[in-house]
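**Student:** below are the sequence and a predicted model for it; my questions follow.
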Amino acid sequence: MIHPVKRCLASLGGACAALALLASCTPSRLLTQQSNPEYVGKSFQNTMVVAVTADEIVRRSFEDRIVALLGQRGRKGIPAYSVVGSRGKVEEAELRRAITQSGADGVLITRITRVERSSGSVPGGTAAIGIGWGGFYGYYSGVWQAVNLPPQEFSGPSWTLSETRLFDAKSGALAWTGVVETRENDDFNAVLTQYINVIFDAMVEDRVL
């Protein structure tokens, strides 16, 4: 059984822009993946896809592409933006209501956990931090809790660590988790496509989709 990670740090640029950094990084490679044996070979039939970012373009692109891949495997996918109208952080009651009304039995959430630079300087910003999360909403909401950061020094390329988790919508149990490292680059469509293929193929390989 997979146990939730107790502590994760999000980007120096702040939670709202975090997932958008995937648009400026390539290539992506899977660092770790782990499936819950109880869910192997038992694919969810109806999965809500959630990209944790306030960047509406990245959010919609990511969610739509995952939904399309699910459709190719004969599974129904629901982009979260289609049932949760508000931008920014969604309150737990609203998200749970949307999941219930949609009939989703799975929830797929992708979020940034860390952005790093080798050396140099950047202005101060914010970082999201959460401790002791439980279930899919705790994982989703933790990234929106920001703290101020002082100016940082850096030089050279940056890289982003992100994590995708697949939850049982009814029980909140974690079915699968994967961590991806993405290197800096500028081609939005190519990077997003490659990133999505990396995590989707990993879930297919682990037989949770």
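**Tutor:** Cool, the structure landed.
**Student:** going by C-alpha atoms from here, please, whenever you check contacts or count neighbours.
**Tutor:** Noted.
**Student:** report pLDDT for the closest residue to Val84 other than its chain neighbours.
**Tutor:** Excluding the flanking residues, the one nearest Val84 by CA to CA, 6 or more residues apart in numbering is Ala98, at 6.6 Å. Ala98 carries a pLDDT value of 89.
**Student:** repeat for the one 4 residues further on
**Tutor:** Per-residue confidence at Ser102 stands at 91 (pLDDT).
**Student:** the residue nearest to Val84: neighbouring residues, count only.
**Tutor:** Residues near Ala98, counting by other CA atoms under 10 Å, number 18.
**Student:** surely it touches Tyr81?
**Tutor:** No: Ala98 is not in contact with Tyr81 according to CA atoms under 8 Å; the separation is 10.2 Å.
**Student:** any idea how far Ile199 is from Trp176?
**Tutor:** 11 Å (CA to CA, to the nearest Å).
**Student:** meant to ask about Asn46
**Tutor:** 16 Å.
**Student:** swap in Arg111?
**Tutor:** 14 Å.
**Student:** circling back to that earlier point, and Asn46 and Trp176? Which one has more around it.
**Tutor:** For Asn46 versus Trp176, neighbours defined as other CA under 10 Å are more numerous around Trp176 (26 against 20).
**Student:** identify the residues contacting the more buried one.
**Tutor:** Going by CA atoms under 8 Å, 6 or more residues apart in numbering, Trp176 touches Ile2, Gln33, Gln34, Ser35, Asn36, Arg165, Leu166, Phe167, Met203, Val208.
**Student:** good, we can wrap up now.
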